[in-house]
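Undergrad: A structural model of the following input is requested.
(4 chains)
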2 protein chains.
Amino acid sequence: MPTLKEVAKYAKVSITTVSRVMNEADKVNPETRERVQRAMRELDYQPNRVAQRLRTSKGQSKLLGLIIPDIQNQFYSSIVRGVEDVAYGKDYAVILCNSDENPNKERFYLDVLQSESVDGIILPPIHQYSKVVEGLIESGVPVVCVDRKLVREAVDTVVINNVRGGYLAVKHMIDFGHRRIAILTSSSQFSSFEERLAGYKNALQDHNIEPDENLIKEGDPRSTESAYLFTKELLKLHHPPTAIFATNNLMTLGALEAVHEEKLNVPDNISIVGFDDMPWARAISPPLTVIKQPGYEMGRRATELLFQRVEDPKREPVQIIMEPTLIIRKSTGEVK
Amino acid sequence: MPTLKEVAKYAKVSITTVSRVMNEADKVNPETRERVQRAMRELDYQPNRVAQRLRTSKGQSKLLGLIIPDIQNQFYSSIVRGVEDVAYGKDYAVILCNSDENPNKERFYLDVLQSESVDGIILPPIHQYSKVVEGLIESGVPVVCVDRKLVREAVDTVVINNVRGGYLAVKHMIDFGHRRIAILTSSSQFSSFEERLAGYKNALQDHNIEPDENLIKEGDPRSTESAYLFTKELLKLHHPPTAIFATNNLMTLGALEAVHEEKLNVPDNISIVGFDDMPWARAISPPLTVIKQPGYEMGRRATELLFQRVEDPKREPVQIIMEPTLIIRKSTGEVK
DNA sequence: TGAAAAGATGAAAACGTTTTACTTTTTCAA
DNA sequence: TTGAAAAAGTAAAACGTTTTCATCTTTTCA
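TA: Numbering: from 1, shown residues only, chains lettered A, B, ... in the order given. Alright, predicted model coming up:
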């Protein structure tokens, strides 16, 4: 790969001039500029981003970091795609990291990203309190939280209104006459699930339904497995639920599998509302009623926020709260 | 962030010595080493990977590039996860790029990756002939092709036996008595789809079934849309097919949606075999019969190949061909 | 006419490492 | 006691940029 030096030699100017031509900064004589540009073309010069990054202090690295729990969760791949797309629009590349909700991995990647001097980092923080992330913010690295919040309010954040998402789902089932509504959710570690559960409880309360602890299942949101097992349990109950609310797309899959295995008809025997409108949701039979959260859009917004902060580090942090929507298909119906 | 210089000062040695302690290379006096290590701990020193990369020539950057068509295609997210996992095991981070099958984007990202001096690049090449990729290989950048081949044989490659995958799927349906079997595939641009189609034809031929051009639909494999439309068409045919083979997971979804919309019963009215064993395949009703390709494993193998090449650039290129498997569930049955 | 301003360019320092080439100190055989 | 070899350490160059500062021309205009 040719370097600045070689281009300079070829164009018979100093490397300073070549650099100037590239960065448009100071004026350089049109003739010289033309000559240099031809040299760059003819040598097929590509600036070395590593050297650029080493030299320039902040906000020029054209690289950003994205840490997500697991790319195999389609909700996160939507976010990733959103991030990628706006990054590409600004000639940025993104380093993608999977944390598996493991604080050590998160820590490791955070170190790596900082050491790569990325211009900024986007992540759903694993813990609502996080010394590491807070430290990062304090040390001036632009950070945007997406999907999950930090307790500290002074961070750019893009989340959805999870309470409302939970409420919408449950209200919809109540309107169909359901009273025994189960929820598959996660342990309270993650703000998003906690909030969805709160929405569930609010909806019940508003309709004078006493929550039944037996219908609240807190499992592992990272796989279909625990939802599958819980659903099996639920269906074996003396008074089984007539409706199930699964609070993410993996858990929805687990619930679906268990329900089908028990040869239950959806929605005649049991109604189901899922979270996340994945491509398969409309393709299956019956098409699935879901709470849709705009993952792709969240990724885009988060990245825009990040770029804004890179440009103006002093800007007041903002919190963007997006609205989930209920998409009614055929997996929910009148209670029999 | 503290630098080598500061550590050196703190430990009262030269920066060379600190560097030596880190890289284990030359011997340094145990006492000094201990002192330096304590200094690094106390200052919480993290080496600057950008500076490291600029200085060291090849194979030390701890960064690799991965270009895929689209992260929202779950098959590719499996690959990505496989790559990530083995990369993480070696303290590598990965830059992820989505090409959208667009040669210009591919080109752009290839330039970026080279300019970031990544240690190597993994990708399913968009074109079987690709000057850009070939140029890269020639210039000594380790490259591994995954999922799709290059015509040039001298590249490390990890693919599955697509011909066999196609054959397996179609043979399975023929065994159930189907004669009119449709295939949803892609234009012949991509080696993988071309091969799956070849497998389809082979199977028909082996069983003395004349291929019917009306049943061969070549569309866009990047979305569910075109498969949906084609399936609608197929079902309206005077002699509609009794079975459909969809050659990737997105197309499977499109087919499924169309079939359900026409209120056809699977497998009583129509049998379906999908490609890719996605998490939803077993959760839907009826559970889907599929050809499974080990995406995660392919990602792993590709990355291992890449690391081997980084360590030994002279190693002869190898081609790993993995075997697809037929997973029989309930979406296929006797022709009525 | 000539001093100041503007315009065009270049030399060299800096970013944080690794590596080369060199110097100092220690060891130990003769 | 000497001195050659081994061990331990350092100074400085290099990687490819950007940026600061300096220099040299040319233009402007009182």
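Undergrad: C-alpha from now on. contacts and neighbour counts both.
TA: Noted.
Undergrad: Residue A:64 touches residue A:119, doesn't it?
TA: Yes: with contact defined as CA atoms under 8 Å, residue A:64 reaches residue A:119; the gap is 5.5 Å.
Undergrad: so the closest residue to DNA strand C within the stretch 201-336 of chain A is in which element?
TA: Taking CA to the nearest atom of the strand, DNA strand C has its nearest neighbour within the stretch 201-336 of chain A at residue A:310, 18.8 Å off. Element membership for residue A:310, per DSSP states H and E: helix A:295-311.
Undergrad: Which positions within that helix qualify as buried?
TA: For helix A:295-311, burial by neighbour count (16 or more other CA atoms under 10 Å in any protein chain shown) applies to A:295-307, A:309-310.
Undergrad: So which of the residues you listed is the closest to DNA strand D?
TA: Taking the buried residues of helix A:295-311 together and measuring to DNA strand D by CA to the nearest atom of the strand, the closest member is residue A:310, at 14.5 Å.
Undergrad: Per-residue confidence, that closest one, what does it come out as?
TA: Model confidence at residue A:310, given as pLDDT, is 91.
Undergrad: Next: residue A:188.
TA: 78.
Undergrad: Number of residues surrounding it?
TA: 13 (other CA atoms under 10 Å in any protein chain shown).
Undergrad: need the contact list for whichever residue of the stretch 101-250 of chain A sits closest to DNA strand C.
TA: Closest contact between the stretch 101-250 of chain A and DNA strand C, by CA to the nearest atom of the strand, is at residue A:115 (8.2 Å). When contacts are counted by CA atoms under 8 Å, 6 or more residues apart in numbering or on different chains, residue A:115 touches B:46, B:47, B:48, B:49, B:50.
Undergrad: Swap in 6 Å and give it another go.
TA: By CA atoms under 6 Å, 6 or more residues apart in numbering or on different chains, the contact set of residue A:115 is B:48, B:49.
Undergrad: thinking again about what came up before, neighbour-wise, which of residue A:64 and residue A:119 wins?
TA: Taking neighbours as other CA under 10 Å, residue A:64 and residue A:119 compare with residue A:64 leading, 28 against 25.
Undergrad: what's the distance between the host helix or strand of that one and the middle of its chain?
TA: Element membership for residue A:64 (DSSP H and E) is strand A:63-68. Centroid separation between strand A:63-68 and its chain, computed with CA atoms, centre = their mean, to the nearest Å, is 11 Å.
Undergrad: Next: stretch A:121-138.
TA: Taking CA atoms, centre = their mean, one finds the center of stretch A:121-138 at 15 Å from the center of the full chain.
Undergrad: and whichever strand or helix holds residue A:135, which residues are buried?
TA: For residue A:135, the host element (DSSP H and E) is helix A:131-138. Residues A:133, A:134, A:136, A:137 are the ones in helix A:131-138 that count as buried (16+ other CA under 10 Å).
Undergrad: out of the residues you listed, what pair is the most spread apart?
TA: A:133 and A:137 (6.3 Å; CA to CA).
Undergrad: Contacts only, for the residue nearest the centre of chain A.
TA: With distances taken as CA atoms, centre = their mean, the residue of chain A nearest its centroid is residue A:79 (4.3 Å). Residue A:79 makes contact with A:295, A:296, A:299, according to CA under 6 Å, 6+ apart.
Undergrad: Give the buried residues for stretch A:261-272.
TA: A:266, A:267, A:269, A:270, A:271, A:272.
Undergrad: ok, now stretch A:213-227?
TA: Of the residues in stretch A:213-227, those buried (16+ other CA under 10 Å) are A:215-227.
Undergrad: Let me know the closest of the residues you listed to chain B.
TA: Nearest to chain B among the buried residues of stretch A:213-227: residue A:224, at 8.3 Å, using CA to the nearest CA.
Undergrad: Contact residues of the stretch 51-200 of chain A facing chain B?
TA: Within the stretch 51-200 of chain A, the positions near chain B by CA under 6 Å from any CA of the partner chain are A:72, A:77, A:94, A:95, A:115, A:116.
Undergrad: same thing but at 7 Å, please
TA: Within reach of chain B by CA under 7 Å from any CA of the partner chain, the stretch 51-200 of chain A has these residues: A:51, A:54, A:71-72, A:77-78, A:81, A:93-96, A:115-116.
Undergrad: Specify which member of those is nearest to DNA strand D.
TA: residue A:51 (4.3 Å).
Undergrad: I'd like to know which elements the strand or helix carrying the closest one is packed against.
TA: Assigned by DSSP H and E, residue A:51 belongs to helix A:49-55. The contact analysis (3 or more CA pairs under 7 Å, 6 or more residues apart in numbering or on different chains; DSSP states H and E) places helix A:49-55 against helix B:49-55.
Undergrad: So which residues make contact with stretch A:159-178?
TA: Here stretch A:159-178 makes contact (CA atoms under 7 Å, 6 or more residues apart in numbering or on different chains) with A:146-148, A:192, A:195-200, A:202-203, A:242-243, A:273, A:291, A:320-324, A:326, A:333-335.
Undergrad: if we go to 8 Å?
TA: A:146-149, A:181, A:192-193, A:195-204, A:242-243, A:245, A:247, A:271, A:273, A:290-291, A:293, A:298, A:319-326, A:332-335.
Undergrad: For burial, what's the neighbour tally of whatever residue of chain A ends up closest to DNA strand D?
TA: Nearest residue of chain A to DNA strand D (CA to the nearest atom of the strand) works out as residue A:4 at 3.4 Å. Residue A:4: 19 surrounding residues under other CA under 10 Å.
Undergrad: For it, which residues are in contact?
TA: Neighbours of residue A:4 in contact, by CA under 8 Å, 6+ apart: A:15, A:18, A:19, A:45, A:47.
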